[in-house]
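J.: Give me a model of this one.
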Amino acid sequence: MDDTDGYFGESVAARYDESSAGMFAPDAVDPVVGFLTELAGDGRALELGVGTGRVALPLARRGVAVHGVDMSRAMVARLRAKPGGDAIGVTIGDFATAKVDGTFSVAYLVFNTIMNLTTQEAQVACFRNVADHLEPGGTFVIEVGIPDLRRLPPGQNAVPFHTSPTRWSFDLYDVATQAMSSNYVEVVDGRGSYWSVPFRYVWPAELDLMAQLAGLRLRERWDGWTRKPFTSESERHVSVWEKPDSDDEQQQRIRQRTGAG
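T.: Numbering: from 1, shown residues only. Next up, the predicted model:
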């Protein structure tokens, strides 16, 4: 691991776009950008974990002013090298705590990035940090998978998600702590390599409580970016929390003082 760039240093950044090529395809990106453009309106967008610009660049091409936060200078260098990359403002730092000038109408965390924060404390801090950056009425969007624990029989802690003659990828779970890791083994020209990234999986209800602690409230939750209904069989969710505007906050305080429902 690179001490400066965390788990997304030069060796990962150099092949990130290629290794995640499916996520860069128009059918994967366009629904995300359309969803976020609608929420941004005439305001600014804040991307936490901006990476190489998979979402930020096409969102900016839609006319949305985008600012990103990322810890990895190597990933951001790839963003800067792309057409339009210089127009995306980026703050280097931990998106759970990094401060950015101004306010935003939408902030977003996509592709399971909330799980890169490996403690509950950091995930709660992220919600509070986002709330501080949102305009009244602004929204926070998270896309994240549902923990795949139903595939774990008693005594097993590994769930494979890719197998081939030269590559094996699997998640390891610790259900006692909600710690997990994604692990990759690859053989190239007879030589093996191993890469592991730690995560903390998180449930939708837990995210809703984090939002409540930050003064946000759930507005909508979907199975994905095309707004299919979220059900007990969904493998991921796209959730939108909103920051109450000043009138909402005032009415809420009045109801709390008077005991009204």
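
J.: tell me the centre residue of this structure?
T.: Leu109 (2.7 Å; Cα atoms, centre = their mean).

J.: so it touches Phe127, yeah?
T.: No - taking contacts as Cβ atoms under 8 Å, Leu109 lies outside contact range of Phe127: 10.1 Å. Quick note: C-beta positions are derived from backbone N, CA and C, even for glycine.

J.: got any residues that touch both of the two?
T.: Common contacts of Leu109 and Phe127, defined by Cβ atoms under 8 Å, 6 or more residues apart in numbering, comprise Phe140.

J.: May I have the beta-bridge partners of the residue nearest to the centre of the chain?
T.: Ile142 (DSSP bridges).

J.: same deal with Leu218?
T.: Trp241.

J.: What does the pLDDT read for the residue nearest to the centre of the chain?
T.: For Leu109, the model assigns a pLDDT of 98.

J.: quick one: it from Val130, how far?
T.: Applying Cβ to Cβ, to the nearest Å, the value for Leu109 to Val130 is 8 Å.

J.: Check the contact lists of these two and give me the overlap.
T.: Common neighbours of Leu109 and Val130, counting by Cβ under 8 Å, 6+ apart, are 48, 140.

J.: Which pLDDT does the model give Asp171?
T.: Looking at Asp171, its pLDDT is 96.

J.: List the contacts of Asp245.
T.: 136-137.

J.: Ramachandran angles for it?
T.: phi -80, psi 170 (degrees, to the nearest 10).

J.: Quick check, pLDDT for it.
T.: 90.

J.: repeat for the one 5 residues further on
T.: Residue-level confidence at Gln250 comes out at 48, pLDDT.

J.: let's have the chain start at 552 instead
T.: Right, with 552 as the first residue, what we last looked at is Gln801.

J.: ok, Trp746 - contacts?
T.: So Trp746 contacts 563, 734-735 (Cβ under 8 Å, 6+ apart).

J.: Just put those residues in CSV and tack on pLDDT.
T.: As requested, the contacts of Trp746 are exported to CSV (pLDDT from 0 to 100):
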residue, pLDDT
Val563, 84
Asn734, 97
Tyr735, 95
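
J.: Would you mind listing which of the residues you listed are buried?
T.: 563, 734 (16 or more other Cβ atoms under 10 Å).

J.: By mean pLDDT, which helix or strand of this structure comes out lowest?
T.: helix 797-809 (a mean of 55; mean pLDDT, DSSP states H and E).

J.: Could you chop the protein up by domain?
T.: 561-698+753-809, 701-746 (automatic domain parsing).

J.: Could you single out the most deeply buried of those?
T.: domain 561-698+753-809 (a mean of 17; mean count of other Cβ atoms under 10 Å).

J.: re the thing from before, and which of the contacts of Trp746 is nearest Gly706?
T.: Asn734 (18.7 Å; Cβ to Cβ).
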